[in-house]
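Student: I would like the atomic coordinates for the input below:
(2 chains)
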Amino acid sequence: DAKTTQPPSMDCAEGRAANLPCNHSTISGNEYVYWYRQIHSQGPQYIIHGLKNNETNEMASLIITEDRKSSTLILPHATLRDTAVYYCIVRNTGGFKTIFGAGTRLFVKA
Amino acid sequence: EAQVTQNPRYLITVTGKKLTVTCSQNMNHEYMSWYRQDPGLGLRQIYYSMNVEVTDKGDVPEGYKVSRKEKRNFPLILESPSPNQTSLYFCASSSPLRAETQYFGPGTRLLVL
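Tutor: Next up, the predicted model:
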């Protein structure tokens, strides 16, 4: 599975969009990009995933570059409860082996 | 309510004393997995299971054993715990139809003295 690179931390003002970047330059053609988040020491929570098209759900939007070497998770209107560690993961859907990196710690400030 | 449960939630033990952390899911998921989380290292996969009697090593399997005799249960066994196994442990499960959506348990905080 490909490795990912994320900034260690980011700040965002409450009510503004939070844009979290992820680099995955060695991603292969059958690997998807997944995003999870972990609030404090709770179990991680699935947010969204995509292959090459942009995706949107009730929680967030995922923008994947055309060459698929990077992506951005967008929380359109960040709230204080979005303060968490966000993990970007790439893997194929055929297996279950998952590599979590260190993630990005997002601080949403009032 | 769909959930993954782990027991115990907190455990303090001594070096060499065998212990088992249980994990159970009520969603009839085929896939189950164990992770450990340490400061600065994120989550690392210990073992995973694709189905009953099918298990495989993750990235940090040394010092751990697992078994999958029933679909709903996936216990993590530490035969001879050592202080470097002090960590926060998470169990997760998912369906092969939606493998991307892993459901995580609440975590087990283990301290090995």
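
Student: Please count neighbours and contacts with C-alpha atoms only from this point.
Tutor: Noted.

Student: Show the contacting residues for the residue lying closest to residue B:113 once chain neighbours are set aside.
Tutor: The spatially closest residue to residue B:113, leaving aside those adjacent along the chain, is residue B:14, at 4.7 Å (C-alpha to C-alpha, 6 or more residues apart in numbering or on different chains). Going by C-alpha atoms under 8 Å, 6 or more residues apart in numbering or on different chains, residue B:14 touches B:81-82, B:112-113.

Student: if you look at those, which of them are in helices?
Tutor: Secondary structure defined by DSSP state H assigns none of the contacts of residue B:14 to helices.

Student: which of those tops the neighbour count?
Tutor: residue B:81 (21 neighbours; other C-alpha atoms under 10 Å in any protein chain shown).

Student: Give me the local confidence score for that one.
Tutor: Looking at residue B:81, its pLDDT stands at 97.

Student: That one is in contact with residue B:17, isn't it?
Tutor: Yes - counting by C-alpha atoms under 8 Å, residue B:81 does reach residue B:17; the two are 6.3 Å apart.

Student: From the centroid of chain B, which residue is nearest?
Tutor: residue B:34 (3.0 Å; C-alpha atoms, centre = their mean).

Student: Dihedrals phi and psi, residue A:82?
Tutor: Phi and psi for residue A:82, reported as degrees, to the nearest 10, are phi -80, psi 0.

Student: and the residue nearest to residue B:113, how far is that from residue A:103?
Tutor: Relative to residue A:103, residue B:14 is positioned 32 Å away (C-alpha to C-alpha, to the nearest Å).
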